[in-house]
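Asker: Predicted model and sequence below, questions to follow.
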Amino acid sequence: MKTKSCLLAAAVLASAVPMTVDAVPYASKIRLGSTLVEQGAGTAINYNLNMAADTVTIEIYDAGDTPGVDAAVASFAGTVAAGANSVAWDGTVDNAGGAVVPEANDYIVSIRAQGSTAAGWAEYSSNRSVGQFGPTTSKETLFNGYSAKDVFVTHNEDSDLFGLVGATSSYAGTTPSHAAVIVFNTALDVDAGDDGMNSRVLRHPTDDTVNVGSQDTWGITADPDDPDTIWVCGQDTTTASILNAENPNGYNLNLTNADPGALLASTLYPRGIRVRNIGPNKFAFITRSNGTIERIAINSSNEVSAVGENLLSITSTTRYSKAVEFDASGNMYWVNRHNGGSLNGRIYRWDAALVDVATAGSLTDANASWVVEFPADAQHIGDIAIDPTDGEVYVAVAGSGADRGIYLVGNVATATLGSDATPHALTSGDQVVDFADTVAFPPSGWAPSSFGTGIEFDKFGNLFVTENAGEQIRAFTQGGASDNRTSAPTSQLLDIVLTSTVGDSWTKYE
């Protein structure tokens with residue numbers, strides 16, 4: 001059976017002592033020109049890099065070996081440019097006419113990317129719609145009307161979808177409809193090579209002729225049982241819905257409300273979604289309205305229950321519900337924004353032992369293990385994300401005040417952080433990305449409430465951020481030295497067969 005390893009382990013969430021890991025370049029979308037080649041013939045090895053690397057090494061391993069631990073049967077240099085790369089392999093151990101790699105089945109192709117940049121948060125890529133504000137280095141290849149909401153990055157290396165970035169777009173008032181999920185590569189380019197319209201998936205079945213529905217796509221997340229299945233929540237012109245979509249070949253499905261089992265009409269104005277198993281059962285957790293996290297049962301056929309229940313009973317019921325997240329231990333985090341009055345935005349955490357047995361209204365201010373409060377002028381709290389490399393918890397904060405940006409809130413290993421009576425107060429010292437920086441971000445007058453509508457980490461700790469009004473998706477790194485290894489998905493295992501030669505076959509002697 002194929003095994004893999006990463007030099008940067010994502011399992012550190014289980015550690016009692018968090019480990020700091022610098023995250024920069026890595027390879028994804030590893031594809032072979034052919035997975036069946038004659039001995040000595042070789043094949044093309046294609047891959048994407050999220051950013052330029054200092055060095056790239058392509059290694060080939062025997063089936064069952066662990067990349068980075070066992071000895072490689074072949075090792076040679078790859079190209080280091082951000083985006084698409086392709087290396088012609090000649091079938092030898094050094095890709096330079098050396099010994100020929102022997103015949104065998106299920107060779108593993110692994111790519112090691114090493115880099116070293118200045119430590120500290122920095123933007124390394126972005127893509128925006130034509131004419132919108134952005135850094136001079138950003139791409140400008142998306143359609144006008146790309147109203148980005150949430151963002152999702154696939155983490156499963158065994159999947160052909162590993163490393164793909166999906167961002168929801170909520171604007172449906174056009175023909176064709178822009179309400180869809182836009183699929184990016186890790187460098188934030190789109191395969192279509194045009195304005196991104198061809199990279200829309202989960203879109204209306206007739207969106208190129210008639211704007212049917214008006215379903216705005218908002219939250220997006222993975223299914224815990226099948227990482228090639230994603231769940232999207234959103235709303236249409238008459239009601240609201242939770243929408244399920246599944247496709248192991250690229251999410252290329254229509255967004256439709258034709259299946260009543262995939263809709264939840266009673267969940268009005270959903271904003272964020274996470275899907276999680278609790279015991280033998282699967283549930284969607286959806287934020288909506290004020291003071292609400294609605295839990296909705298999902299059966300084994302991925303049909304959604306017609307009725308959900310609100311788990312929260314918060315003293316200040318006017319808290320505008322924005323995002324929900326779970327860490328690897330099952331603790332639940334809830335983000336709510338400034339209500340426009342006297343209530344500052346907050347983060348609550350309820351421990352897994354409580355969430356797993358929660359019933360309607362059982363999660364309260366008093367039994368939250370975290371209560372974290374933002375500065376008063378950080379009005380529009382956006383999304384929450386957890387770095388899988390070290391368990392650090394981050395939240396995006398927008399609004400018109402000077403305190404807007406991305407904040408490091410704490411670590412999942414911290415059992416208690418503030419209380420309802422004395423919430424932990426975040427300050428400007430906790431900010432790692434400053435949205436008020438008018439050099440890197442839009443000056444005053446530019447819809448600042450749209451920053452950080454969605455944030456998400458990739459497997460190696462790079463952070464993706466969406467902007468709604470800015471019609472933009474941006475990627476940030478924490479910098480430093482890095483050494484990351486990824487392997488081709490199962491579909492790309494390499495078989496090498498004997499070279500055909502004249503006279504190998506028997507003929508009848510007469």
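Answerer: Cool, got the structure.
Asker: Least confident secondary structure element in this structure?
Answerer: Ranked by mean pLDDT, DSSP states H and E, the weakest helix or strand in the chain is strand 240-246, scoring a mean of 49.
Asker: what's in contact with the very next helix or strand once past that strand?
Answerer: The C-terminal neighbour of strand 240-246 among helices and strands, as given by DSSP states H and E, is strand 270-278. Residues from elsewhere that reach strand 270-278 (Cβ atoms under 8 Å, 6 or more residues apart in numbering): 150, 218-225, 231-235, 240-242, 282-288, 294, 298, 321-326, 330, 355-356, 383. (Each C-beta comes from the backbone N, C-alpha and C, glycine too.)
Asker: Could you list which of these belong to strands?
Answerer: When the contacts of strand 270-278 are checked against strands (DSSP state E), the matches are 150, 218-222, 231-235, 240-242, 282-288, 294, 298, 321-326, 383.
Asker: If we ignore the residues flanking it in sequence, what's nearest residue 144?
Answerer: Of all residues not flanking residue 144 in the chain, residue 129 sits nearest, at 4.9 Å (Cβ to Cβ, 6 or more residues apart in numbering).
Asker: Same question for residue 81.
Answerer: Spatial nearest neighbour of residue 81, chain neighbours left out: residue 52 (5.9 Å); criterion: Cβ to Cβ, 6+ apart.
Asker: tell me which element the one you found falls in.
Answerer: Short version: residue 52 belongs to no helix or strand, going by DSSP H and E.
Asker: Wait, residue 305 touches residue 298, no?
Answerer: Yes - here residue 305 lies in contact with residue 298, judged by Cβ atoms under 8 Å, at a distance of 7.2 Å.
Asker: Which of those two has more residues huddled nearby?
Answerer: residue 298 (23 against 17; other Cβ atoms under 10 Å).
Asker: Read off the pLDDT value for that one.
Answerer: Listed pLDDT for residue 298 reads 85.
Asker: now it, nearest residue through space, not along the chain?
Answerer: That would be residue 282: by Cβ to Cβ, 6+ apart, it lies 4.5 Å from residue 298.
Asker: contacting residues for the one you found?
Answerer: Residue 282 neighbours (Cβ under 8 Å, 6+ apart): 224, 225, 275, 276, 297, 298, 299.
Asker: same question, residue 47
Answerer: Shown in contact with residue 47 (Cβ under 8 Å, 6+ apart): 27, 28, 29, 30, 31, 78, 84, 85, 111.
Asker: Any quick ChimeraX command for the buried ones out of those?
Answerer: Filtering the contacts of residue 47 down to the buried ones (16 or more other Cβ atoms under 10 Å) takes a single ChimeraX command:
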select :27,28,29,30,31,78,85,111
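Asker: one step back: can you name the residues bridging to the residue nearest to residue 144?
Answerer: residue 142 (DSSP bridges).
Asker: hang on, it packs against residue 139?
Answerer: No - with contact defined as Cβ under 8 Å, residue 129 does not reach residue 139; the gap is 10.3 Å.
Asker: In terms of neighbours, single out the busier of the two.
Answerer: Per other Cβ under 10 Å, whichever of residue 129 and residue 139 has more neighbours is residue 129, with 21 against 18.
Asker: And that one, how far from residue 179?
Answerer: Distance, residue 129 to residue 179, by Cβ to Cβ, to the nearest Å: 15 Å.
Asker: next one: residue 189
Answerer: Taking Cβ to Cβ, one finds residue 189 at 22 Å from residue 179.
Asker: for residue 114, same thing?
Answerer: Taking Cβ to Cβ, one finds residue 114 at 40 Å from residue 179.
Asker: what's the nearest residue to the most centrally placed residue in the chain if we skip its chain neighbours?
Answerer: Centroid-nearest residue in the chain, with Cα atoms, centre = their mean: residue 153, separated by 1.8 Å. Setting aside the residues directly before and after it, residue 153 is nearest to residue 458 in space (Cβ to Cβ, 6+ apart), at 4.5 Å.
Asker: quick check, distance from whichever strand in the chain runs longest to the centre of its chain.
Answerer: As assigned by DSSP E, the longest strand anywhere in the chain is strand 104-117. Computed by Cα atoms, centre = their mean, to the nearest Å, the chain-centroid distance of strand 104-117 equals 22 Å.
Asker: Domain ranges for this protein, per the record?
Answerer: 11-118+485-497, 122-478 (automatic domain parsing).
Asker: most packed of these?
Answerer: Ranked by mean neighbour count, these are led by domain 122-478 with a mean of 20 (mean count of other Cβ atoms under 10 Å).
Asker: Would you mind measuring the gap between the ends of that one?
Answerer: End-to-end distance for domain 122-478, by Cα to Cα, to the nearest Å: 7 Å.
Asker: List the contacts of the helix or strand harbouring residue 57.
Answerer: According to DSSP H and E, residue 57 maps onto strand 55-61. Strand 55-61 is contacted from outside by 27, 45, 49, 67, 70, 72-80, 85, 87, 89, 95, 101, 107-114, 494, using Cβ under 8 Å, 6+ apart.
Asker: Great, nothing more from me.
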